[in-house]
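Chemist: let me see the structure of the following:
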Amino acid sequence: TTAQMMQSANFSGWDFTNTWWMSNGNTRPFLRMEYSTTITNAHQLQLIGMNATTLAASYTLAADIDMAELKQASGLWNTTKGFVPIGNNTTNFTGAFDGLGHNISDLYIYRPSTNYVGLFGYIGTGGSVSSVGMVGGSVTGSGSYVGGLAGYNFGTVTNSYSTGSVNGVGNVGGLAGYNAGTITDSYATGKVVGDVPAGGLVGRNTGTITDSYATGAVEGDYLIGSYNGGLVGTNAGIITDSYATGKVTGCYTGGLVAANAGTGTITNSFWDTQTSGESSSAGGTGKTTTEMQTLSTFSTWDIDDAGDTGETWRIYEGNTYPLLRHFLPTATATADDTSMVYNGSTTVAGGSYTWDIAVDAGKVFGAAAYTASSKDVGNRALSLTGLYSNQQGYDIKTVDGTVNITQKDLTASYTGTDKVYDATTNATVTGSSGDIIGGDAVTFSQTASFIDKNA
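Modeler: This is a model prediction of the structure:
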C-alpha cells in the first residue's frame, strides 16, 4: 500500500546507508545520487535534510522550483503531510542557502502535531538563508515555531520573502515563527493564523529585524494569552526600519507589535492604522494609508522615490508603500522626442516612451504624463512621470526626452476708428485675435491709412 511504501522496514535488503534515503511515514525512498549542492528540483531540495553533514553544507538555488509533486499521489511525498522541514531542534540547518533570486512555489506542509515547521524547520547558529522567494503554498504546524520560510531562526535570513499562508498555534509568522537571529531586507504577504504569539513576519522575535515588512492578515483566537501583531507577535529583540499593513485580530493585538518586552527596542518603524484596524501597538508609530505612501514619513530610512539609485527602499509616492529594491529589476523608460505648437502650458499631450528591457505590462501601473521644462518656444527637456509598479514589478527609472515647441500662428483682425477730416490719410485701428492663449499679453503694433484724405 502507499503507507507501506513509506516505511523503510518494508524494503528489506535495501541499502539506506549509501544508496537510498527516506523519511519514515513521510516519503518514498529517494536515491542519494540525486543529492547536489546545486539545487534545481524538489528532490534535491528535500535531500538537504538527509543528515548532519548535508545540513551543514553550502547550497545555491540554480532555478525556480515548483513543488507541485508534494500533492501528486504518484510522487515521493506523503500527499497529506507534504514536505519534510529541513532541520529541527535536534539537528539544525547550519549551512548556507543562497537562492540567487529564485523562487520556490507552492510549498505544502501539513503537520498539525509537529513543532519547528517551515521550509527550514530550524536554522541554527551560523546558518544562513538569502535571496529566496517562497511563492504561494501553505504551511501548517502545531505547538511552537511555524513559518513560511523558517520555523525557528537562530541564524541569518536576508533578501527573502514569503507569500503563502501559515497556520499554527504558538510562535507563528509569515516568514519565521521564532527569530533569535537576524532578518534583513525581507517581507511576508501571506495570511497568518495563530495564537500565542503570531505575527505577519515573525511570531516571536528575540533577535534583530531590519528593513523588513509584512502585509498579510494576522488572525488569532480571542483567548487570554493570544498576542497577534501585524509584523511581530511579541518582541524582546530589535526591530528597525520596518512596517506592517495587514489586518490584525485576536485577544491582545498591535498594528506593528502586540507585546514588547522590557529588553525589546523598536525604532523608525510604522504600521497602517487604517488597513490594520489597529489604533495602538506595543511599539512603532501609527500612520494613515496616505502617510504610509508618503516619502517624508520614512525620512530616516535608506529610501527615495527615484529609480536605480541603490537605496534599500523604493517608494512610488502616493501609489505604494515602501518596496524593497533588492527584488525589483531596473526598467528604464525614456521619453520619446516629440514636438508641439506653443499652447501656453508645459503639459505635452500625445507623448510616448520606450523601455530599455522587455517589460511585463501587467506589472506597470498609472498613466504616463509628459511635462516640458518650459512653456516657451524652443527645444525643451521633456520629463516622464505617472508610472509606478509593485513589489513583484520594477524599479522604474525615467530619462528625459526633448520636445520642440514651435510658434503658434495668430490671425489678427483690425477695426478702424472714425475721425474728423484733417487733410491726411492717417488712420487709427485696434488689433485683436481670438487665438491668444489666456494669460498671455500680445501687443499689436501697426500703421494704417485711409484710401484717400477725403471725407
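Chemist: can you give me the helices for the stretch 201-350 of the chain?
Modeler: 273-276, 289-292 (DSSP state H, counting those that start in this stretch).
Chemist: do the same with the stretch 1-150 of the chain
Modeler: So, for the stretch 1-150 of the chain - with DSSP H, counting those that start in this stretch - the helices run 42-46.
Chemist: do you know which of the helices of the stretch 201-350 of the chain lies nearest residue 263?
Modeler: Across the helices of the stretch 201-350 of the chain, residue 263 has its closest neighbour in helix 273-276 (24.9 Å, CB to CB). Placement of C-beta: from N, CA and C, glycine included.
Chemist: just say which of the helices of the stretch 201-350 of the chain is most tucked in.
Modeler: By mean neighbour count, with neighbours taken as mean count of other CB atoms under 10 Å, helix 273-276 ranks first of these at a mean of 21.
Chemist: now do that one, average pLDDT.
Modeler: On average, the pLDDT along helix 273-276 is 96.
Chemist: any idea which element the residue nearest the centre of the chain lies in?
Modeler: Nearest to the mean C-alpha position of the chain, counting by CA atoms, centre = their mean, stands residue 391 at 2.8 Å. Using DSSP states H and E, residue 391 is not contained in any helix or strand.
Chemist: how near is it to residue 279?
Modeler: Distance of residue 391 to residue 279, computed by CB to CB, to the nearest Å: 26 Å.
Chemist: equivalent analysis for residue 37, please.
Modeler: Taken as CB to CB, the span from residue 37 to residue 279 is 49 Å.
Chemist: equivalent analysis for residue 199, please.
Modeler: 18 Å.
Chemist: residue 347 too?
Modeler: Distance from residue 347 to residue 279, by CB to CB: 41 Å.
Chemist: more neighbours: which of these two?
Modeler: The residue with more neighbours, out of residue 347 and residue 279, is residue 347; 13 against 10, by other CB atoms under 10 Å.
Chemist: and the gap between residue 377 and residue 406?
Modeler: 6 Å.
Chemist: for residue 183, same thing?
Modeler: Residue 183 is 57 Å from residue 406, by CB to CB.
Chemist: also residue 325?
Modeler: To residue 406, residue 325 is 40 Å away according to CB to CB.
Chemist: show me what contacts residue 405?
Modeler: Residues near residue 405 by CB atoms under 8 Å, 6 or more residues apart in numbering: 339, 340, 341, 342, 372, 374, 375, 376, 377, 378, 379, 380.
Chemist: how about CSV for those, with distance to residue 230 added?
Modeler: Shown next, in CSV, are the contacts of residue 405 (distance: CB to CB, whole Å):
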residue, distance to residue 230
339, 51
340, 48
341, 53
342, 52
372, 44
374, 47
375, 47
376, 51
377, 54
378, 52
379, 51
380, 46
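Chemist: can you redo those residues as JSON lines with neighbour count, pLDDT and distance to residue 208?
Modeler: Formatted as JSON lines, those follow (neighbours: other CB atoms under 10 Å; pLDDT from 0 to 100; distance: CB to CB, whole Å):
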{"residue": "339", "neighbour count": "11", "pLDDT": "97", "distance to residue 208": "55"}
{"residue": "340", "neighbour count": "20", "pLDDT": "96", "distance to residue 208": "54"}
{"residue": "341", "neighbour count": "10", "pLDDT": "96", "distance to residue 208": "59"}
{"residue": "342", "neighbour count": "16", "pLDDT": "96", "distance to residue 208": "58"}
{"residue": "372", "neighbour count": "24", "pLDDT": "98", "distance to residue 208": "48"}
{"residue": "374", "neighbour count": "12", "pLDDT": "97", "distance to residue 208": "50"}
{"residue": "375", "neighbour count": "15", "pLDDT": "96", "distance to residue 208": "52"}
{"residue": "376", "neighbour count": "11", "pLDDT": "95", "distance to residue 208": "55"}
{"residue": "377", "neighbour count": "13", "pLDDT": "96", "distance to residue 208": "58"}
{"residue": "378", "neighbour count": "13", "pLDDT": "97", "distance to residue 208": "55"}
{"residue": "379", "neighbour count": "14", "pLDDT": "98", "distance to residue 208": "53"}
{"residue": "380", "neighbour count": "21", "pLDDT": "98", "distance to residue 208": "49"}
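Chemist: so residue 258 sits right up against residue 250, yeah?
Modeler: Yes: proximity of residue 258 to residue 250 meets the contact threshold set by CB atoms under 8 Å, at 7.3 Å.
Chemist: list residues touching both of the two?
Modeler: Common neighbours of residue 258 and residue 250, counting by CB under 8 Å, 6+ apart, are 227, 228.
Chemist: which of these two has more neighbours?
Modeler: Neighbour totals were compared for residue 258 and residue 250, and residue 258 leads with 32 against 24 (other CB under 10 Å).
Chemist: residue contacts, the more buried one?
Modeler: 197, 199, 227-229, 232-234, 248, 250, 252, 281-282.
Chemist: same question for residue 275.
Modeler: Contacts of residue 275 by CB under 8 Å, 6+ apart are 245, 246, 247, 289.
Chemist: quick one: mean pLDDT over the one helix or strand residue 186 maps to.
Modeler: Here residue 186 sits within strand 182-188, counting by DSSP H and E. Confidence for strand 182-188, expressed as mean pLDDT, is 95.
Chemist: give me the contacts around that strand.
Modeler: Taking CB under 8 Å, 6+ apart as the rule, strand 182-188 contacts 148, 153, 155-163, 173-176, 200-202, 207-216, 312, 324, 326, 391.
Chemist: give me the distance between the two termini of stretch 28-45.
Modeler: 15 Å (CA to CA, to the nearest Å).
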